[in-house]
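S.K.: here is my input; please provide its structure:
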Amino acid sequence: MPKDDKKSKTPETWYLYDYRGTCLGNVALDATGNFSTQISKDDNNPYYDEMVLIANQFGSDDGMEMKHSVIIPNTDRDDVIEAYNNAGFMAVKASKRDHDELVRELDKIQTVKGGESKKYK
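M.R.: Predicted coordinates:
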């Protein structure tokens, strides 16, 4: 099997946490081949403004505001992760296991009763 075939099918993702372990957003490789930063703007994120200011320094000005979050495209991954870590947040790279667990949970949602899918026993 050529090495290219072994390349991961899941995008590189870094989850952003506060000191309590609450996930506040992520930095992920998007469909354009660049990294984007997504910041949650729900009640669990009292650091929304600070996090957006940090990401704006390392991304493009054409952020996308959504109901639940903001996405800042074309983010410099290394610089924004370093800036979040320096500001007291934790950036943790997602593993293959994290991606597999997410796929499994999404599959459960698609089942009629929300139980474990036979596909992932």
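S.K.: CA atoms for contacts and neighbours, from now on please.
M.R.: Noted.
S.K.: quick one, phi/psi of the residue positioned nearest the centre of the chain?
M.R.: Using Cα atoms, centre = their mean, the residue of the chain that lies closest to the mean C-alpha position is residue 26, 2.8 Å off. Phi and psi for residue 26, reported as degrees, to the nearest 10, are phi -160, psi 160.
S.K.: dig out what the closest residue to it other than its chain neighbours forms beta bridges with.
M.R.: Spatial nearest neighbour of residue 26, excluding adjacent residues (Cα to Cα, 6 or more residues apart in numbering): residue 15 at 4.3 Å. Beta-bridge partners recorded for residue 15 (DSSP bridges): residue 26, residue 92.
S.K.: just the pLDDT for residue 15.
M.R.: What the model reports for residue 15 is a pLDDT of 93.
S.K.: and the helix or strand that contains residue 97, what does it pack against?
M.R.: In the assignment (DSSP states H and E), residue 97 maps to helix 96-110. With contacts taken as 3 or more Cα pairs under 8 Å, 6 or more residues apart in numbering; DSSP states H and E, helix 96-110 sits against no other helix or strand.
S.K.: stretch 15-28: which residues count as buried?
M.R.: 15-18, 23-28 (16 or more other Cα atoms under 10 Å).
S.K.: quick one: which of these is nearest to residue 77?
M.R.: residue 27 (7.0 Å; Cα to Cα).
S.K.: and the closest one, what does it touch?
M.R.: Residue 27 is in contact with 13-16, 35-38, 77, 81, counting by Cα atoms under 8 Å, 6 or more residues apart in numbering.
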